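[1] Sequence and predicted structure, then a few things I'm wondering about:
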Amino acid sequence: MKFKFKEKFMEIIFFISASISIISLILICVFMFANGIPAIVEIGFFKFLFGKDWSPTNIPPSFGIFPMILGSLYVTGGAILLGVPIGILTAIYLAKFCPEKLYRCLKPAINLMAGIPSIVYGFFGLIILVPLTRDIFGGTGNSILTASILLATMILPTIISLSEAAIRAVPKDYYEGAVALGATHERSVIFAMLPAAKSGIMSSIVLGIGRAIGETMAVVMVAGNQARMPNGILKGIRTLTANIVIEMGYAADLHREALIGTGVVLFIFILIINGIFSVLKRKVV
C-alpha cells in the first residue's frame, strides 16, 4: 500500500513537471506571436522579411530584417562547416582511438568548454580571433569568418559529447563482425559503427545548430553588428539575435514590436530546422 502511494505520488510529480514545461513553452509562444505578428502585419510581411533596410529611427522608419536573416544563416552555416567535421572526428577519436591516459585529460577539458559562459568566448574572440583574422586575411577582423570560427568552437563540446556517447552505445557486434570479415580497425569504426550511430550524431548536430543560431553575446562582440547585406566573409554583419539584444533596451512602440517580430522569425527558423532534422532522423533510423 505504501509502495503504491509513493508510486502514485511520484507519477503526479512527474506529470506536474512535464505540464509546467509545456505550459511555459505555450506562454512563450503566445507572448511572442501576440506581440510580434501584429507588427509584421503593420509593416507588411514581405517588407519585413525581405526588406534590405533596417532604419527604425528614420522618418518614416524602415524595418527590413533580410540582412539579419542572411547574417544568421551565413554565420550558422560557417559554424556548421567548421565545427561539425571537427566535432565528429574528435568524437570518433575519443571513443575508439584515444589512449586511456590522454582521454582522462581531454574529456574533462571538453566538458569544461561546455560550461564556459558565452561572454568569455566573446572576449576570447575579440582579443584573439579578431586581430588574428585581421592580420591573416585583412579587413577589420569583425566579420562573418571570425564569428563562424568562434561559433564553431562553441558548438564543439555539444557535438563531441553527444556523438561520442552515440558511438559508444553501438553494440560491439558491429565492430567485431566487421573485423571478422577482414576490415581494419579504422574501417570497422568508420564504415560499421559510425553509420549505426548516425541517429545520435544527427541529434548532436541539431543541438549544435540550435546553439549557433541562437547565440548572441559572443556574436555581438566579433561580427561587426552592421545592419547591411552581407558582402563577403571578411565583412561585418548583424544576426537576428544581435539585432534584438542591441536595440531592445531603447526600443519603443512599433520598433519594440518589430524586434519581437524578429524573435518570432528566429523561433520559426529553429522550428523548421528541428522539423527537417526530425524527418531526416526518421529516414536514417
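    The structure has been received and is ready for your questions.
[2] Sketch out the helices for this structure, chain order is fine.
    Secondary structure of the chain (DSSP state H): helices located at 2-43, 45-50, 66-96, 100-115, 118-124, 130-137, 144-168, 172-180, 185-188, 194-196, 198-214, 217-222, 240-247, 253-284.
[3] Put together TSV for those, with distance to residue 56, mean pLDDT and mean neighbour count on each row.
    Heads up, the C-betas are built off the backbone N, CA and C, glycines and all. Compiled in TSV, those are given as follows (distance: least, CB to CB, whole Å; pLDDT from 0 to 100; neighbours: other CB atoms under 10 Å):
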stretch	distance to residue 56	mean pLDDT	mean neighbour count
helix 2-43	11	82	12
helix 45-50	12	86	14
helix 66-96	13	91	21
helix 100-115	36	88	12
helix 118-124	25	88	17
helix 130-137	27	88	15
helix 144-168	23	91	24
helix 172-180	56	85	14
helix 185-188	56	86	14
helix 194-196	48	87	17
helix 198-214	23	84	21
helix 217-222	18	84	25
helix 240-247	7	85	21
helix 253-284	4	79	16
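[4] Between those helices, which one is closest to residue 59.
    For the helices of the chain, distance to residue 59 was read as CB to CB. The smallest value, 12.5 Å, belongs to helix 253-284.
[5] Report the distance from that closest one to the chain centre.
    In terms of CA atoms, centre = their mean, to the nearest Å, the gap separating the centre of helix 253-284 from the centre of its chain is 12 Å.
[6] circling back: make a markdown table out of the helices of the chain and add distance to residue 60.
    As requested, the helices of the chain are exported to a markdown table (distance: least, CB to CB, whole Å):
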| stretch | distance to residue 60 |
| --- | --- |
| helix 2-43 | 11 |
| helix 45-50 | 11 |
| helix 66-96 | 18 |
| helix 100-115 | 46 |
| helix 118-124 | 35 |
| helix 130-137 | 36 |
| helix 144-168 | 30 |
| helix 172-180 | 63 |
| helix 185-188 | 63 |
| helix 194-196 | 55 |
| helix 198-214 | 31 |
| helix 217-222 | 28 |
| helix 240-247 | 17 |
| helix 253-284 | 10 |
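[7] so which of those comes closest to residue 230?
    Across the helices of the chain, the minimum distance to residue 230, taken as CB to CB, is reached by helix 66-96, at 5.2 Å.
[8] same for the closest one, what does it pack against?
    If you count contacts as 3 or more CB pairs under 8 Å, 6 or more residues apart in numbering; DSSP states H and E, helix 66-96 packs onto helix 45-50, helix 100-115, helix 144-168, helix 198-214, helix 240-247, helix 253-284.
[9] out of these, which comes closest to residue 68?
    Taking CB to CB, helix 240-247 is the member of the helices and strands packed on helix 66-96 nearest to residue 68, at 4.8 Å.
[10] elements contacting that closest one?
    On the basis of 3+ CB pairs under 8 Å, 6+ apart, helix 240-247 makes packing contacts with helix 66-96, helix 217-222, helix 253-284.
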